[in-house]
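Peer 1: quick one, structure for this:
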Amino acid sequence: MGINRVQFQKGLSMAQFMERYGTEEKCHAAVVALRWPNGFVCPECKDRRHYTFERKGLRYWQCASCREQTTVMCGTVFES
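Peer 2: Numbering: from 1, shown residues only. So this is what the prediction gives:
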């Protein structure tokens, strides 16, 4: 019987995965860092000035210039 290639695939171990993404806060911070690696940029007007607030457990970013509101999930595969 051969080696189980799924079991020995390259990547993070479960312990490493949990260390990096193991809480809701860590996972959210990782998605924010991937979406806006150089800080928030408004999807409408490209301005960087913004405010943040929470509504129904979701963090929103609101552009200070055009007042467009977005979440880190909007426009991604996670949206639906």
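
Peer 1: strands along this protein, start to end?
Peer 2: 50-55, 58-63, 69-70 (DSSP state E).

Peer 1: how far off centre is the helix or strand of the chain with the lowest mean pLDDT?
Peer 2: Using mean pLDDT, DSSP states H and E, helix 14-21 stands out as the lowest-scoring helix or strand of the chain, at a mean of 88. Its chain's C-alpha centre and that of helix 14-21 lie 16 Å apart, by C-alpha atoms, centre = their mean, to the nearest Å.

Peer 1: and if you look at stretch 33-42?
Peer 2: Between the centre of stretch 33-42 and the centre of its chain there are 9 Å (C-alpha atoms, centre = their mean).

Peer 1: ok so, going back, closest one to residue 33 among the strands of the chain?
Peer 2: Within the strands of the chain, the stretch nearest residue 33 is strand 58-63; the backing value is 13.7 Å (C-beta to C-beta). Quick note: C-beta positions are derived from backbone N, CA and C, even for glycine.

Peer 1: now what about the closest one, what contacts it?
Peer 2: With C-beta atoms under 8 Å, 6 or more residues apart in numbering as the test, strand 58-63 has contacts from 28, 40, 42, 44-45, 47, 49-54, 68-72.

Peer 1: list the buried residues in it.
Peer 2: For strand 58-63, the neighbour count (16 or more other C-beta atoms under 10 Å) marks 60, 61, 62, 63 as buried.

Peer 1: quick check: buried residues in the lengthiest helix in the chain?
Peer 2: Assignment by DSSP state H gives helix 24-35 as the longest helix of the chain. Neighbour-count burial for helix 24-35 flags 32, 35 (criterion: 16+ other C-beta under 10 Å).

Peer 1: now the angle from it to helix 14-21?
Peer 2: Orientation of helix 24-35 against helix 14-21 (axes from the mean of the first three to the mean of the last three C-alpha atoms, to 10 degrees) gives an angle of 70 degrees.
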